[in-house]
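Engineer: have a look; sequence and predicted model below, questions after that.
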Amino acid sequence: MTIHYVRSWCIYICMLLVIAACNKEDQALRPENALAVADPSISSNADATIPVSWYQLQFRLIKETPGFTPPVAARALAYTGIALHEAVVWGDRNGHTLSGQLNALYNVPRPERGRRYNWAIAANSALSDITIRLYPNASPANLSLIRALDSTNLSAAGNGCDAAEISRSIQFGRQVAAAIYNWSATDGGKDGYLNSFPTDYVPPVGPAFWVPTPPAFQRALLPYWGNNRLMVRPRYPETAAIPHPPFATDTASSFYKAAYKVYEAVNTLTPEENTIALYWADGGGTFTPPGHLLAITAQLITEEGLDLIGAAKLFAQVGISVNDAGIVCWKYKYRYNLLRPVTYIRQYIDAGWSSLIATPPFPSYTSGHASFTGAAGNVLAGNFGSSYTFTDNQKVPEGFAPRSFNSFQQMIDEASISRVYGGIHYDFDSEVGAETGKAVALRVLSLRY
């Protein structure tokens with residue numbers, strides 16, 4: 001990457017930022033935890049551009065950093081949102097720390113009592129630090145972008161602040177990021193990006209079980225991911241599995257009919273169905289399905305003019321939801337190890353058949369797309385309403401037309417069915433995935449932020 005490109009990136013971020021000068025008027029302390037003096041400029045709509053700028057950079061990092069498959073990307077985006085939330089929540093008189101609410105998260109740093117902080121600077125510092133920590137194998141060019149964005153945002157947010165307040169705010173953001181990262185290192189997924197296809201995993205053998213699929217015939221992706229720690233514990237321990245229809249080859253069976261539906265869907269795709277399949281594909285080299293959902297979140301934050309506190313809350317909620325949805329989904333994938341449609345269809349229906357989209361290297365049940373979108377979509381509905389209408393512009397740079405939705409449920413349904421149109425999931429994969437994603441969302445929304 002040339003110096004010119006780094007400079008161009010900085011100029012672009014500068015255009016997004018509105019300078020938040022330090023207002024020296026006093027503001028009421030947060031009654032529950034009256035620790036720090038909050039800067040009134042925190043309520044400015046412009047403040048949300050700092051976290052949005054960091055998420056935009058992370059979408060690039062996901063695309064370009066080795067090992068950032070969908071579950072790994074979801075994990076990084078979740079810890080980013082939590083670090084952001086914990087760095088600024090103390091500026092919200094009605095806010096609540098997630099310390100003590102999230103699984104095994106305790107003793108997150110608090111600001112010093114009676115000291116003044118610039119929360120935009122604290123947010124920028126936390127986001128810079130956590131990004132560096134979560135993407136340790138980022139390219140030198142992208143590491144340069146991280147440093148440049150940190151400097152650009154600090155210059156904008158710190159204009160008019162005294163040096164002590166700037167330094168204090170930077171240090172607090174770094175302390176929060178370090179605490180969140182140290183907590184993240186104990187969840188079981190810290191090094192997932194380094195070992196996507198562990199060689200010690202041996203899949204079960206049998207007619208109903210997953211086998212590597214064309215064209216790459218790769219080993220199983222992240223087979224142990226379902227063992228990772230959830231961020232939000234279910235209220236009650238899981239007592240029963242959610243089974244798929246029994247495997248069968250009889251043409252009258254539910255399983256055969258589900259496979260034949262995939263076969264027929266791909267063979268008779270309308271132009272609109274073809275577009276839907278490709279629009280939601282978000283495969284290798286993209287910002288992944290979780291990245292797509294967080295990109296929609298960033299877009300809505302900007303369009304709705306959310307302030308820094310509102311953006312931090314929403315980024316945290318959506319991030320936590322896709323992380324936990326990924327863990328739940330991968331737990332089911334490797335509990336059932338169900339074969340993919342392409343395997344079944346070639347064996348029992350049409351030996352020469354191919355899916356529209358290349359089948360990813362892991363078992364079929366449940367659908368990751370449906371799980372991620374079911375979780376994020378229901379969190380967004382919980383914030384904006386079940387009848388909220390919006391247009392997703394995130395794939396325009398890739399040549400797609402914007403897609404408009406009358407509700408988040410419509411988005412969930414479309415993303416879920418897209419995998420059937422693509423030929424890589426049975427409809428029950430998507431239906432159950434969307435439901436388990438919704439269950440995750442309800443747990444996330446039950447927390448206090």
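Structural biologist: Yep, that arrived. Just so it is clear, the model here is predicted, and its values are computed rather than measured.
Engineer: the strands in the stretch 51-200 of the chain, which residues?
Structural biologist: 115-117 (DSSP state E, counting those that start in this stretch).
Engineer: domains of this structure?
Structural biologist: Structural domains assigned to the chain are 3-184, 198-445, following automatic domain parsing.
Engineer: got CSV for these, with mean pLDDT and distance to G192 too?
Structural biologist: (Each C-beta comes from the backbone N, C-alpha and C, glycine too.) Formatted as CSV, those follow (pLDDT from 0 to 100; distance: least, C-beta to C-beta, whole Å):
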stretch, mean pLDDT, distance to G192
domain 3-184, 83, 5
domain 198-445, 97, 6
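Engineer: can you list the ones you listed in CSV and add mean neighbour count?
Structural biologist: Shown next, in CSV, are the domains of the chain (neighbours: other C-beta atoms under 10 Å):
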stretch, mean neighbour count
domain 3-184, 20
domain 198-445, 20
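Engineer: do a quick rundown of the helices in the stretch 151-300 of the chain.
Structural biologist: Using DSSP state H, counting those that start in this stretch, the helices found in the stretch 151-300 of the chain span residues 163-184, 254-267, 271-279, 288-304.
Engineer: to M231, which of those lies closest?
Structural biologist: Ranking the helices of the stretch 151-300 of the chain by proximity to M231 (C-beta to C-beta) places helix 163-184 first, at 9.8 Å.
Engineer: now that closest one - C-alpha only, CSV.
Structural biologist: Coordinates of each C-alpha in helix 163-184 appear next as CSV, following Å, rounded to 0.1, in the frame of the first residue of the first chain:
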residue,chain,number,x,y,z
ALA,A,163,-3.7,17.6,27.1
ALA,A,164,-4.5,15.9,30.5
GLU,A,165,-8.1,15.1,29.5
ILE,A,166,-6.9,13.7,26.1
SER,A,167,-4.3,11.5,27.8
ARG,A,168,-6.7,10.3,30.5
SER,A,169,-9.3,9.4,27.9
ILE,A,170,-6.8,7.6,25.7
GLN,A,171,-5.5,5.6,28.6
PHE,A,172,-9.0,4.6,29.8
GLY,A,173,-9.9,3.4,26.3
ARG,A,174,-6.8,1.3,26.2
GLN,A,175,-7.4,-0.2,29.6
VAL,A,176,-10.9,-1.2,28.6
ALA,A,177,-9.7,-2.8,25.4
ALA,A,178,-7.0,-4.7,27.3
ALA,A,179,-9.5,-6.1,29.8
ILE,A,180,-12.0,-7.1,27.0
TYR,A,181,-9.2,-8.8,25.1
ASN,A,182,-8.0,-10.7,28.1
TRP,A,183,-11.5,-11.9,28.7
SER,A,184,-11.8,-12.9,25.0
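Engineer: about what we covered before: as CSV, the domains of the chain with distance to D191 would be great.
Structural biologist: Output for the domains of the chain, formatted as CSV (distance: least, C-beta to C-beta, whole Å):
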stretch, distance to D191
domain 3-184, 9
domain 198-445, 11
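Engineer: in TSV, list the helices of the stretch 151-300 of the chain along with distance to A138.
Structural biologist: What follows is those, written out as TSV (distance: least, C-beta to C-beta, whole Å):
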stretch	distance to A138
helix 163-184	15
helix 254-267	37
helix 271-279	28
helix 288-304	15
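Engineer: which one of the ones you listed lies nearest to P70?
Structural biologist: The minimum distance between P70 and those falls on helix 288-304, with 4.5 Å, by C-beta to C-beta.
Engineer: what's the offset of the closest one from the middle of its chain?
Structural biologist: In this view, helix 288-304 has its centroid 9 Å away from the chain centroid, taken as C-alpha atoms, centre = their mean, to the nearest Å.
Engineer: quick check: angle from the next helix or strand after that helix to helix 288-304?
Structural biologist: Once the chain leaves helix 288-304, the next helix or strand it forms, by DSSP states H and E, is helix 308-336. Orientation of helix 308-336 against helix 288-304 (axes from the mean of the first three to the mean of the last three C-alpha atoms, to 10 degrees) gives an angle of 160 degrees.
Engineer: partner residues bridging F209?
Structural biologist: L338 (DSSP bridges).
Engineer: so it sits against K333, correct?
Structural biologist: No: F209 lies out of contact with K333 (C-beta atoms under 8 Å); the separation is 11.7 Å.
Engineer: shared neighbours, these two?
Structural biologist: Residues touching both F209 and K333 (C-beta atoms under 8 Å, 6 or more residues apart in numbering): P363.
Engineer: follow-up on the earlier one: closest one to P203 among the helices of the stretch 151-300 of the chain?
Structural biologist: Using C-beta to C-beta, the nearest of the helices of the stretch 151-300 of the chain to P203 is helix 254-267, at 19.3 Å.
Engineer: CA atoms only for that closest one - export them in CSV, please.
Structural biologist: What follows is helix 254-267, C-alpha atoms only, in CSV (Å, rounded to 0.1, in the frame of the first residue of the first chain):
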residue,chain,number,x,y,z
SER,A,254,-39.6,-36.0,4.3
PHE,A,255,-35.8,-36.0,3.8
TYR,A,256,-35.9,-37.0,0.2
LYS,A,257,-38.6,-34.4,-0.5
ALA,A,258,-36.5,-31.7,1.2
ALA,A,259,-33.5,-32.7,-1.0
TYR,A,260,-35.6,-32.8,-4.1
LYS,A,261,-36.9,-29.3,-3.3
VAL,A,262,-33.3,-28.0,-3.4
TYR,A,263,-32.7,-29.9,-6.6
GLU,A,264,-35.8,-28.4,-8.3
ALA,A,265,-35.2,-24.9,-6.9
VAL,A,266,-31.8,-24.7,-8.4
ASN,A,267,-32.9,-26.1,-11.7
